[in-house]
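# Sequence and predicted structure below; questions after.
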Amino acid sequence: MPTSEPDRVPGHQAARLAVVDPATGEIFDEVPDQRPDAVDAVVDRAHRAWHGWRADPAARTTALQAAADAVEAADDDLARLLTREQGKPLAESYAEVARTAARLRYFADLTPRTRRITDGRPVHSEIRWRPLGPVAAIVPWNFPLQLAAAKFAPALAAGNTMVLKPSPFTPLATRLLGSVLATALPDDVLTVVTGREPLGARLASHPGFRHVTFTGSVPTGRAVAEASAASLARVTLELGGNDAAVLLDDVEVDRIADRLFWAAFRNCGQVCMAVKRVYVPARLHAEVVEALAQRAKTVAVGSGLDTETRLGPVNNAPQLARVEQVTKQALADGARAAAGGHRLDGPGYFFAPTILTSVPPSSPVVTEEQFGPVLPVLPYRSLDEAVDAANGTGFGLGGSVWATDLDRAEAVADRLECGTAWINHHGELSLAQPFAGVKNSGVGVAGGPWGLYGNLRPFVVHRPQEA
Ligand code: NAD
């Protein structure tokens, strides 16, 4: 769901972009609002830097390890700024900074494998891997640092340079991250640009990039794919999700309720692969609703800077309006709020953690991505009905099955049309695994060696065995 963008700061000579603290709703800082014509010079520099950066893999490994050290050393400043502009609890910001450093370390040590192919003829082909060139990366506001690292760590490790654009709602921590990384990387290997649209559109269409890698909503992903068609740059799209959790009839509700709740509500539900719908055998429906509602009513909601807080605000005003609108629509469609169902009074973009029951399956809170602290819990009568419903949207990012019998759970997980299916948890990823959505949830593969190869092209040398 594309969101309309924040305001320019009035009364400034050079255009500036205001950054709002979502816990207070007040502007607390600003960044340059760079115009699209600034991109040409940045891409030129990224091209020049590429020639040195691509030449020496060992130097790259050393620089990326040093970059990870620098990120870890700056974790206090990065985490506080991230919480201030994004809203998430401080402990989650520290975890995000740690994951940013971990990605750098993982990819720093990853090298593509040269392969020789022989097929009985007196010749062989050697397949080597080469970087693509400058890469454009565009990311959203829910995990600004971690999602940026998911772009720049593999791209830089592969020998490319990058121009990175954070969301205009969360540019500050990424700008700071850019200056922290600059202490370890050669000039112009990674450049952070900030500003409102059409800055991202210009990056997507610029002929100087050989790869455009985007994380965000499905409609914006389509626009990026169309824009990059002009240069025929490679496109990677990591898009929205509407992940279903399917509970089987042998599930022990008490054992899984905490994990299920946090799989839906972590980062205030603003996670591409959060649980966004729960399907429960009709017999267990009331018990599951009660267990989730009890947690929703008692979880500590507040500013992410407050150490008691487990759930922060929604990140921005347009997203809060969207969450409110899909909830109101569901209630108008006949749903009942077992917990929450409304905005919280007072300053900031807070929405009460919400559990919805009696939701018509056609309501947008079920068929679309709510991306907020609202969870519909739907009863089912047959497993086939549940699997069909889980697979019945245009999304296909993740899904999960919750049960006591793990073999049976795995057989059901195997039927989910998505990129990753979990059993008895949801959303955990290893750095070494591929990450890819199906249907509208994405194009291309990130994560692990696949993420590295996504930033490389094969170069084949074909030669005879003898002169
Ligand atoms: P969004 O699509 O509105 O914006 C994403 C980025 O694109 C921002 O930086 C924005 O400024 C930029 N942008 C906007 N219009 C553009 C255009 N025409 N051309 C190029 N760039 C443009 O998404 P959002 O609201 O910031 O983020 C939430 C969405 O991101 C959700 O749909 C969520 O599921 C998705 N997401 C997906 C993943 C994943 O890995 N699959 C991860 C996190 C978030």
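Thanks, I have it.
# Helices along the stretch 301-450 of the chain, start to end?
317-332, 364-367, 383-390, 406-413, 448-453 (DSSP state H, counting those that start in this stretch).
# so how far is the fourth one off the chain centroid?
Helix 406-413 has its average C-alpha position 27 Å from the chain's average C-alpha position, going by CA atoms, centre = their mean, to the nearest Å.
# Can you name every helix or strand that that helix contacts?
In terms of contacts (3 or more CB pairs under 8 Å, 6 or more residues apart in numbering; DSSP states H and E), helix 406-413 is packed against strand 398-402, strand 420-423. All C-beta atoms are positioned from the backbone trio N, CA, C, and that covers glycine.
# Let me know which of those is the nearest to the ligand.
strand 398-402 (9.1 Å; CB to the nearest ligand atom).
# Direction included, what does that closest one pair against?
Strand 398-402 has these partner strands in its sheet, going by DSSP bridges: strand 243-247 (parallel), strand 420-423 (parallel).
# Tabulate those (JSON lines), appending mean neighbour count and mean pLDDT.
Shown next, in JSON lines, are those (neighbours: other CB atoms under 10 Å; pLDDT from 0 to 100):
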{"stretch": "strand 243-247", "mean neighbour count": "27", "mean pLDDT": "98"}
{"stretch": "strand 420-423", "mean neighbour count": "21", "mean pLDDT": "98"}
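# Would you mind listing what in the protein touches the ligand?
Within reach of the ligand by CB under 6 Å from any ligand atom, the chain has these residues: 1-3, 138-142, 147, 165, 167-168, 197, 200-201, 204, 215-217, 220, 223-224, 238-241, 272, 369, 371, 397, 437, 442.
# Next step: these restricted to strands.
The strands, defined by DSSP state E, take in 138, 165, 215, 238, 442 from the residues of the chain next to the ligand.
# Please identify which pair of those lies farthest apart.
Spatially, the most separated pair among those is 165 and 442, at 18.7 Å (CB to CB).
# Of the ones in strands among the residues of the chain next to the ligand - the most surrounded one?
The residue in those with the most neighbours, by other CB atoms under 10 Å, is residue 238 (28 neighbours).
# ok, now which ones touch it?
147, 150, 214, 215, 216, 272, 435, 437, 441, 442, 444, 446 (CB atoms under 8 Å, 6 or more residues apart in numbering).
# change it to 7 Å
Contact analysis of residue 238 by CB atoms under 7 Å, 6 or more residues apart in numbering lists 215, 437, 442, 446.
# now, which of those residues sits nearest the ligand?
residue 215 (4.7 Å).
# What segments of the stretch 51-200 of the chain are strands?
Using DSSP state E, counting those that start in this stretch, the strands found in the stretch 51-200 of the chain span residues 115-118, 123-131, 135-138, 162-165, 190-192.
# Could I get those in a markdown table, plus columns for mean pLDDT and distance to residue 466?
Formatted as a markdown table, the strands of the stretch 51-200 of the chain follow (pLDDT from 0 to 100; distance: least, CB to CB, whole Å):
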| stretch | mean pLDDT | distance to residue 466 |
| --- | --- | --- |
| strand 115-118 | 92 | 13 |
| strand 123-131 | 95 | 10 |
| strand 135-138 | 98 | 40 |
| strand 162-165 | 98 | 43 |
| strand 190-192 | 98 | 45 |
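# Mind putting these into a markdown table with distance to residue 72?
Converted to a markdown table, the strands of the stretch 51-200 of the chain look like this (distance: least, CB to CB, whole Å):
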| stretch | distance to residue 72 |
| --- | --- |
| strand 115-118 | 35 |
| strand 123-131 | 26 |
| strand 135-138 | 22 |
| strand 162-165 | 20 |
| strand 190-192 | 17 |
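# ranking those strands by burial, who's on top?
For the strands of the stretch 51-200 of the chain, average neighbour numbers computed from mean count of other CB atoms under 10 Å are highest in strand 135-138, which has a mean of 28.
# so what secondary structure elements neighbour that strand?
Using 3 or more CB pairs under 7 Å, 6 or more residues apart in numbering; DSSP states H and E, the elements in contact with strand 135-138 are helix 144-157, strand 162-165, helix 199-205, strand 211-215.
# Touching that strand from outside, list them.
148, 151-152, 155, 160, 162-165, 200, 203-204, 206, 209, 211-214, 216, 224, 455.
# Relative to the ligand, which residue of the stretch 251-400 of the chain is the closest?
residue 272 (3.1 Å).
# Neighbours of that residue, how many?
Residues near residue 272, counting by other CB under 10 Å, number 28.
# again with residue 26
When neighbours are counted by other CB under 10 Å, residue 26 registers 11.
# same check, this time on the one 3 residues further on
Here the neighbour count serves as a burial measure; for residue 29 (other CB under 10 Å) it reads 17.
# excluding its backbone neighbours, what's nearest it?
Of all residues not flanking residue 29 in the chain, residue 19 sits nearest, at 4.7 Å (CB to CB, 6 or more residues apart in numbering).
# Please apply the same query to residue 124.
Using CB to CB, 6+ apart and skipping residues adjacent in sequence, the residue nearest residue 124 is residue 118, 4.8 Å away.
# now the one you found: how far from residue 415?
Residue 118 is 41 Å from residue 415, where distance means CB to CB, to the nearest Å.
# so what secondary structure elements neighbour the helix or strand bottoming out on mean pLDDT in the chain?
The weakest-scoring helix or strand in the chain, judged by mean pLDDT, DSSP states H and E, is strand 115-118 (a mean of 92). The contact analysis (3+ CB pairs under 7 Å, 6+ apart) places strand 115-118 against strand 123-131.
# which secondary structure elements does the helix or strand where residue 278 lies contact?
Taking DSSP states H and E as the criterion, residue 278 maps to strand 275-281. Applying 3+ CB pairs under 7 Å, 6+ apart, one finds that strand 275-281 contacts strand 243-247, helix 253-265, strand 374-380, helix 383-390.
# and those, which is most packed in?
strand 243-247 (a mean of 27).
# quick one, that strand and strand 374-380 angle?
Put simply, strand 243-247 runs at 40 degrees to strand 374-380, going by axes from the mean of the first three to the mean of the last three CA atoms, to 10 degrees.
# Output strand 243-247 as PDB, nothing but the C-alphas.
Coordinates of each C-alpha in strand 243-247 appear next as PDB, following Å, rounded to 0.1, in the frame of the first residue of the first chain:
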ATOM      1  CA  ASP A 243       0.700 -14.200   5.400                       C
ATOM      2  CA  ALA A 244      -1.800 -16.700   6.800                       C
ATOM      3  CA  ALA A 245      -1.200 -18.800  10.000                       C
ATOM      4  CA  VAL A 246      -3.200 -22.100   9.800                       C
ATOM      5  CA  LEU A 247      -3.700 -23.800  13.200                       C
END
